[in-house]
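In: This is the structure alone, sequence omitted:
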């Protein structure tokens with residue numbers, strides 16, 4: 001007689017699987033807490049809200065002492081190195097100063113002249129990963145590079161490559177962005193000092209610039225260009241494509257711009273003597289910090305601990321500011 005061997009072997013397997021399923025279900029039921037009628041559903045843990053990334057306040061926490069005794073003349077820019085030291089372009093004295101957080105003068109380099117290691121009206125400074133200080137030597141129409149000890153290294157951008165330089169920013173990969181008043185655009189140089197496609201162009205259309213004054217690079221490599229000619233800050237992606245614009249209803253006159261580590265755009269509004277914070281991705285400003293008697297914001301930079309460092313170019317005073325996050329910006 002013929003026998004269905006497949007049926008004989010299949011039956012025990014189904015029995016075992018069914019037993020395992022019953023045991024597993026029982027174990028899950030035993031581990032789960034009893035559910036009672038009317039119990040509210042317990043929400044699953046979710047990541048922090050995007051609102052926690054929005055800058056919603058500023059708090060002045062300190063001021064560097066003794067900066068008024070350094071004899072600065074119309075300092076135009078500030079940066080912060082990896083050690084937290086404050087680097088200032090002392091424009092009128094044709095030099096760069098490095099100050100400790102106690103106001104102590106740690107280094108001084110430059111000095112008026114045309115030689116490679118000298119400066120003529122330095123108007124901007126930018127730090128590259130704790131290795132170099134880039135100095136915009138506006139009077140000599142070039143960009144010089146110094147090491148962290150203040151020793152001259154080389155010229156990153158020579159006179160015949162810079163046009164009329166206004167501001168600089170170093171990108172993460174080691175390249176350089178340079179605001180050029182001749183072309184009303186942002187010139188781009190690779191880490192090998194090779195010229196690449198400019199960011200922006202002269203005009204009023206999308207991506208156009210009229211009188212760019214500063215440039216900054218964000219944590220996602222986005223590029224912010226302060227343009228008082230358009231009363232706005234224009235945001236581009238890392239390849240130079242326009243993304244969005246930032247402005248204010250009472251007319252923004254951006255003089256300096258920076259990003260915090262969370263992508264908020266921080267802007268010095270020279271018309272109203274204040275600092276504004278705009279959220280990453282665009283939208284109206286979420287908070288502001290007005291200047292006060294004796295202190296007018298002219299330049300800003302972000303410190304290694306996330307603090308904001310602000311410079312008053314008239315008095316040479318430097319303030320340290322904490323950025324507050326987390327409130328719902330839609331209520332403002």
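Out: Sure thing, it's come through. Fair warning: this is a prediction, and the values are worked out from it, not measured in the lab. Numbering: from 1, shown residues only.
In: now residue 137: how far from residue 99?
Out: Applying CB to CB, to the nearest Å, the value for residue 137 to residue 99 is 21 Å. (Each C-beta comes from the backbone N, C-alpha and C, glycine too.)
In: who's more crowded, these two?
Out: residue 137 (26 against 21; other CB atoms under 10 Å).
In: show me the contacts for residue 127.
Out: Residues in contact with residue 127 (CB atoms under 8 Å, 6 or more residues apart in numbering) are 79-82, 87, 133-134, 170.
In: any chance of those residues in JSON lines, plus distance to residue 142 and pLDDT?
Out: Shown next, in JSON lines, are the contacts of residue 127 (distance: CB to CB, whole Å; pLDDT from 0 to 100):
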{"residue": "79", "distance to residue 142": "18", "pLDDT": "97"}
{"residue": "80", "distance to residue 142": "24", "pLDDT": "96"}
{"residue": "81", "distance to residue 142": "22", "pLDDT": "94"}
{"residue": "82", "distance to residue 142": "25", "pLDDT": "91"}
{"residue": "87", "distance to residue 142": "18", "pLDDT": "98"}
{"residue": "133", "distance to residue 142": "15", "pLDDT": "97"}
{"residue": "134", "distance to residue 142": "11", "pLDDT": "97"}
{"residue": "170", "distance to residue 142": "15", "pLDDT": "96"}
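In: Nearest to residue 120, out of these: which one, please.
Out: residue 134 (16.0 Å; CB to CB).
In: What is the neighbour count of the spatially closest residue to that closest one that is not a sequence neighbour?
Out: Leaving aside its chain neighbours, residue 134 sits nearest to residue 126 (4.5 Å; criterion: CB to CB, 6 or more residues apart in numbering). Residue 126: 25 surrounding residues under other CB under 10 Å.
In: and residue 126, helix, strand or coil?
Out: Reduced to three states with DSSP: H, G, I helix; E, B strand; the rest coil, the structure at residue 126 is strand.
In: ok, it to residue 135 distance?
Out: In terms of CB to CB, residue 126 sits 8 Å off from residue 135.
In: One more: residue 210?
Out: For residue 210, the distance to residue 135 - CB to CB - is 26 Å.
In: quick one, which of the two is more surrounded?
Out: With neighbours defined as other CB under 10 Å, residue 210 and residue 135 compare such that residue 135 has more, 28 against 16.
In: What are the neighbouring residues in contact with that one?
Out: 89, 96, 110, 119, 122, 124-125, 143-146.
In: cutoff 7 Å now
Out: Residue 135 is in contact with 89, 96, 119, 122, 125, 143-144, 146, counting by CB atoms under 7 Å, 6 or more residues apart in numbering.
In: Now the residue minimising distance to the centre of the chain, what are its backbone angles?
Out: Nearest to the mean C-alpha position of the chain, by CA atoms, centre = their mean, lies residue 259 at 2.2 Å. Dihedral pair for residue 259: phi -110, psi 150, per degrees, to the nearest 10.
In: Next: residue 138.
Out: The phi/psi pair for residue 138 (degrees, to the nearest 10) is phi -60, psi -40.
In: Name the nearest residue to it, sequence neighbours excluded.
Out: residue 123 (4.4 Å).
In: what lines up beside the host helix or strand of the one you found in the sheet?
Out: Element membership for residue 123 (DSSP states H and E) is strand 122-128. As defined by DSSP bridges, the strand partners of strand 122-128 come to strand 132-137 (antiparallel).
In: Name the next helix or strand downstream of the strand it pairs with, please.
Out: By DSSP H and E, the next helix or strand past strand 132-137 is strand 142-147.
In: just checking, what packs against that next one?
Out: Applying 3 or more CB pairs under 7 Å, 6 or more residues apart in numbering; DSSP states H and E, one finds that strand 142-147 contacts strand 132-137, strand 152-157.
In: Now do it, average pLDDT.
Out: Strand 142-147 shows a mean pLDDT of 96.
In: With stretch 95-110 instead?
Out: 96.
In: coming back round to it: nearest to residue 307, of the contacts of residue 135?
Out: Distances from residue 307 to those, taken by CB to CB, are shortest for residue 125, at 17.6 Å.
In: Which residues are in contact with the closest one?
Out: 77, 79, 87, 89, 96, 133-135.
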